[in-house]
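Structure of the sequence below:
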Amino acid sequence: MKQLIDKLRHNHRLTGEEYTTLLACRDADSLSYLQRQAQEVALALFGNAVFIRGLIEVGNRCRNNCYYCGIRKGNPSVARYALTRETILGCCREGYALGFRTFVMQGGEDPAMTDEWIEQTVAAIRREFPDCAITLSLGEKSREAYRRFFHAGANRYLLRHETHNAEHYRRLHPEDMSLSHRLQCLQWLKEIGYQTGTGIMVGTPGQTIAHLAEDLLYIEQLQPEMIGIGPFIPHHDTPFATEPAGSMEMTLKLLSIFRLMHPSALIPSTTALATLAPDGREQGILAGANVVMPNLSPREQREKYALYDNKAAFGAEAAEGLRNLAQRLETIGYRVSTERGDFFSG
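Below is the predicted model of the structure:
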């Protein structure tokens with residue numbers, strides 16, 4: 001198994017069969033070796049810096065009915081909200097004062113949040129914070145909309161493909177959603193010039209090791225600048241309410257594989273990891289992640305953006321807990337970096 005890991009570290013790619021073998025491995029020594037290799041690669045490129053992104057959850061209204069998501073259109077129990085442009089700018093001002101130099105606008109696919117409104121909001125952030133990076137995570141849009149956001153000042157776009165297997169995609173989404181369109185959107189984002197992010201949920205219902213190997217081959221081919229990976233966590237008001245959460249072990253294994261596959265990628269240690277385990281964020285960093293995304297959203301709205309149950313949004317997961325976050329990272333030998341943390345190919 002170590003020979004396979006060494007091959008991945010030096011060649012940055014394996015065959016589908018080799019990925020399947022690595023994913024199926026449960027040997028503790030091999031998994032420890034995999035993590036050490038990923039950590040060494042991240043330290044060599046980024047030192048012990050962990051980049052912070054200020055997450056602003058701009059709204060929880062969504063036109064989609066994804067079976068795993070707590071803010072799905074078909075959930076009548078959600079208290080819906082949408083932030084005003086001025087509130088979003090206020091979140092950015094608070095974050096800037098704390099040292100954040102990247103803002104992430106994330107939200108459901110809200111039909112009322114028009115392309116024009118998004119474009120004008122991005123432009124307003126760009127005018128007030130010219131030295132900051134702007135990341136959008138607002139779902140599937142037209143190529144023209146993506147182009148408009150980019151020219152208004154957006155630098156990065158996050159759009160997790162979730163699964164590359166068509167049959168598995170259909171298990172997670174209703175008929176009116178299309179995997180081919182999701183993949184087309186990612187191609188548009190790359191062509192326009194965004195630092196593009198995609199990724200997967202680990203442990204969704206019906207997911208197999210073969211599906212995960214297929215995801216690895218797709219990400220290897222796409223070469224995204226950002227890779228988001230987190231465990232599936234069920235929400236009580238969805239069709240998957242009684243399904244088990246994804247495996248922390250498999251999530252960390254994949255995180256390390258992604259680091260070896262794409263050494264310079266920006267890979268967050270996600271809120272879902274911190275939700276699944278008290279030290280989940282730290283485990284993610286030690287497995288090769290180099291980004292964390294504390295929450296800048298208004299405190300009174302955070303619980304409403306419940307993609308899954310018990311989502312961590314306070315304490316070290318929040319912008320106001322930045323000192324706590326810094327202390328926790330220091331205990332494992334890392335430091336918070338307030339640089340923009342753009343992707344670089346070196």
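
Could you measure from Y334 over to K304?
Y334 sits 31 Å away from K304, going by CB to CB, to the nearest Å. The C-beta positions use only the backbone N, C-alpha and C, and glycine is treated the same way.

So these two - more neighbours on which side?
Y334 (22 against 17; other CB atoms under 10 Å).

quick one: the helices in this structure?
2-11, 16-24, 28-46, 85-98, 115-128, 143-152, 166-172, 179-192, 209-222, 248-261, 271-276, 280-286, 299-302, 322-330 (DSSP state H).

Mean pLDDT added to these, as TSV?
Formatted as TSV, the helices of the chain follow (pLDDT from 0 to 100):
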stretch	mean pLDDT
helix 2-11	96
helix 16-24	97
helix 28-46	97
helix 85-98	97
helix 115-128	98
helix 143-152	98
helix 166-172	98
helix 179-192	98
helix 209-222	98
helix 248-261	97
helix 271-276	90
helix 280-286	96
helix 299-302	91
helix 322-330	91
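
nearest to L136, of those?
Shortest distance between L136 and the helices of the chain, using CB to CB, is found for helix 143-152: 6.0 Å.

Remind me what that closest one packs against, helices and strands.
The contact analysis (3 or more CB pairs under 8 Å, 6 or more residues apart in numbering; DSSP states H and E) places helix 143-152 against helix 115-128, helix 179-192.

Please list the outside residues in contact with it.
115, 118-120, 122-123, 126, 136, 141, 157, 185, 188-189, 192-194 (CB atoms under 8 Å, 6 or more residues apart in numbering).

How far does it sit from its chain's centre?
Distance of helix 143-152 from its chain centroid, counting by CA atoms, centre = their mean, to the nearest Å, is 21 Å.

And W188, how far from H164?
Taking CB to CB, one finds W188 at 17 Å from H164.

need the longest strand for the chain.
Determined from DSSP state E, the single longest strand within the chain is strand 195-202.

Residues touching that strand, excluding its own?
68, 135, 137, 155-163, 186, 189-190, 212, 215, 219, 222, 224-232, 246-247, 250-251, 254, 266, 342-343.

among those residues, which ones are buried?
68, 135, 137, 155-163, 186, 189-190, 212, 215, 219, 222, 224-232, 246, 250-251, 254, 266 (16 or more other CB atoms under 10 Å).

Could you work out the end-to-end span of stretch 327-337 for me?
End-to-end distance of stretch 327-337: 13 Å, with CA to CA, to the nearest Å as the criterion.

Can you point out the buried residues in it?
For stretch 327-337, a neighbour-count test (16+ other CB under 10 Å) marks R328, L329, Y334, V336, S337 as buried.

now swap in stretch 242-262 and tell me
Buried residues in stretch 242-262, counting neighbours by 16+ other CB under 10 Å, are found at 243, 245-246, 248, 250-262.

circling back: any idea of the angle the longest strand of the chain forms with helix 209-222?
Angle of strand 195-202 versus helix 209-222, following axes from the mean of the first three to the mean of the last three CA atoms, to 10 degrees, is 170 degrees.

Strand 195-202: how far from the chain's middle?
6 Å.

now stretch 285-292
Distance of stretch 285-292 from its chain centroid, counting by CA atoms, centre = their mean, is 12 Å.

Quick check: Q327 vs I5, distance?
32 Å.

let me redo that: E86
50 Å.

okay, those two: which has more neighbours?
With neighbours defined as other CB under 10 Å, E86 and I5 compare such that I5 has more, 23 against 10.

Kindly provide the distance from the more buried one to N290.
From I5 to N290 the distance is 19 Å (CB to CB).

Check F258 too.
When distance is defined by CB to CB, F258 is 11 Å away from N290.

shared neighbours of those two, anything?
I267.

In contact with N310: list those residues for me.
I233, T275.

How many neighbouring residues does Q3 have?
Residues near Q3, counting by other CB under 10 Å, number 7.

quick one: it from R259, how far?
To R259, Q3 is 18 Å away according to CB to CB.

ok, back up a step: could you give me the PyMOL syntax to select whichever of the contacts of helix 143-152 are buried?
Filtering those down to the buried ones (16+ other CB under 10 Å) takes a single PyMOL command:
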select buried, resi 118+119+122+123+136+141+157+185+188+189+192+194
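
Between the contacts of helix 143-152, which sits nearest T271?
Nearest member of the contacts of helix 143-152 to T271, counting by CB to CB, is L136, at 17.7 Å.

do you know how far that closest one is from L296?
15 Å.

so I5 makes contact with R36?
No - look at I5 against R36 with CB atoms under 8 Å: they stay out of range, at 9.4 Å.

Which positions are bridged to the residue lying closest to N155 once chain neighbours are set aside in the beta structure?
Spatial nearest neighbour of N155, excluding adjacent residues (CB to CB, 6 or more residues apart in numbering): A133 at 4.6 Å. Following DSSP bridges, A133 is listed with bridge partners T102.

Show the model's pLDDT score for A133.
On pLDDT, A133 comes in at 98.

Please apply the same query to H12.
Value listed for H12 in the pLDDT field: 96.
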